[in-house]
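A.B. asks: following is a predicted model, sequence given first.
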Amino acid sequence: MAKNKLKNRVKDHGIFFSCSSYPGSSTLYGSDCSCGMLLSSCSSSCNCKSECTNKPFQRRHIKRMKLVQTEKCGYGIAADEDINPGEFIIEYVGEVIDDKTCEERLLKMKHKVETNFYLCQINWSMVIDSTYKGNKSRYFNHSCNPIPNTEMHKWIIDGETRIGIFAIRYITNGENLTYDYQFVQFGADQDCYCGAACCRKMLGSEASKAKNIPACEED
Ligand SMILES: C[S@@+](CC[C@H](N)C(=O)[O-])C[C@H]1O[C@@H](n2cnc3c(N)ncnc32)[C@H](O)[C@@H]1O
């Protein structure tokens, strides 16, 4: 494990050395910073040194947000301040578990007839489970396009994969914060109540066919 970490760090240095952002130039997720464009946070080995703001995770400036009760999706999260496009909102955290543990937990949840799932698949071998440990990111609900106002991004920080939630458009104070789960996160047989006119899940379900919900253009 330690060996792997070391390998990753060495790889990261290739990215860090190529960073040529001028001090204080990058505030969003890397639009003008080589590291940011590669979804990698800047470090002390970068040319941009300490003034560079491309360190969303280390700086930990999470946005103000509050827990709300939604009409059909249980609890959700609403912005408690205006948020600009591209801004870092919060890190998605939880227990990092492997596929086997994930399957076991899913089976247990099924037996308990749980309806809220907090599992997020990061890659083939890694799942973040915020069922027992997490922060407010665990309450972000799903929306099909074009409704979501946030997006998840994988970042490499000191050789470790971390997940950040970023704004994809201007968000006004009070708006519910959602992203597209891509259906890796909640039970495959659950209906979606995101309210999008071309809700993918509803379109596929018998319920939507019965309600005659029109197909999206891209479908
Ligand atoms: C990560 S949790 C989000 C917080 C959750 N609403 C709660 O009350 O704790 C994911 C769960 O929320 C519900 N959910 C999220 N988005 C939904 C949607 N668009 N339609 C229906 N249920 C949704 C599902 O039960 C899903 O398993």
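C.D. replies: Nice, thanks for sending it over.
A.B. asks: helices of the chain, start to end?
C.D. replies: Assigned by DSSP state H, the chain shows helices spanning 2-18, 34-37, 56-59, 99-111, 200-204, 206-211.
A.B. asks: near the ligand, which residues of the protein?
C.D. replies: 73-76, 115-118, 138-139, 141-142, 186, 190, 192-194 (CB under 6 Å from any ligand atom). Where you see a C-beta, it was placed from the backbone N, CA and C, and this is true even at glycine.
A.B. asks: buried only: go through those for me.
C.D. replies: By neighbour count, with 16 or more other CB atoms under 10 Å, the residues of the chain next to the ligand hold Cys73, Gly76, Phe117, Tyr118, Arg138, Tyr139, Asn141, His142, Phe186, Cys192, Tyr193, Cys194 as buried.
A.B. asks: and those as JSON lines, adding distance to Arg169?
C.D. replies: Converted to JSON lines, these look like this (distance: CB to CB, whole Å):
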{"residue": "Cys73", "distance to Arg169": "20"}
{"residue": "Gly76", "distance to Arg169": "18"}
{"residue": "Phe117", "distance to Arg169": "26"}
{"residue": "Tyr118", "distance to Arg169": "25"}
{"residue": "Arg138", "distance to Arg169": "23"}
{"residue": "Tyr139", "distance to Arg169": "20"}
{"residue": "Asn141", "distance to Arg169": "17"}
{"residue": "His142", "distance to Arg169": "17"}
{"residue": "Phe186", "distance to Arg169": "23"}
{"residue": "Cys192", "distance to Arg169": "21"}
{"residue": "Tyr193", "distance to Arg169": "21"}
{"residue": "Cys194", "distance to Arg169": "16"}
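A.B. asks: lowest-confidence one in those residues?
C.D. replies: When these are compared by pLDDT, Phe186 scores lowest at 50.
A.B. asks: check contacts around the residue of the chain found nearest the ligand.
C.D. replies: Relative to the ligand, the nearest point of the chain is Gly74 (2.7 Å; CB to the nearest ligand atom). Taking CB atoms under 8 Å, 6 or more residues apart in numbering, we find Gly74 in contact with Thr115, Asn116, Asn141.
A.B. asks: am I right that the last one is in contact with Gly76?
C.D. replies: Pointing back at Asn141 there. Yes. Applying CB atoms under 8 Å, one finds Asn141 in contact with Gly76, separated by 4.7 Å.
A.B. asks: what is in contact with those two at once?
C.D. replies: Residues touching both Asn141 and Gly76 (CB under 8 Å, 6+ apart) are Thr70, Asn176, Thr178.
A.B. asks: export stretch 86-99 to PDB, keeping only CA atoms.
C.D. replies: Included here for stretch 86-99 are C-alpha records, laid out as PDB according to Å, rounded to 0.1, in the frame of the first residue of the first chain:
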ATOM      1  CA  GLY A  86     -16.900  26.400 -11.100                       C
ATOM      2  CA  GLU A  87     -16.600  27.100  -7.400                       C
ATOM      3  CA  PHE A  88     -15.700  24.200  -5.000                       C
ATOM      4  CA  ILE A  89     -18.700  23.500  -2.800                       C
ATOM      5  CA  ILE A  90     -17.800  20.500  -0.600                       C
ATOM      6  CA  GLU A  91     -15.800  17.300  -0.600                       C
ATOM      7  CA  TYR A  92     -17.700  14.000  -0.900                       C
ATOM      8  CA  VAL A  93     -16.400  12.000   2.100                       C
ATOM      9  CA  GLY A  94     -17.200   8.700   3.700                       C
ATOM     10  CA  GLU A  95     -15.700   5.300   4.400                       C
ATOM     11  CA  VAL A  96     -13.600   4.100   1.500                       C
ATOM     12  CA  ILE A  97     -14.700   0.500   0.900                       C
ATOM     13  CA  ASP A  98     -13.900  -2.200  -1.700                       C
ATOM     14  CA  ASP A  99     -16.400  -3.900  -4.000                       C
END
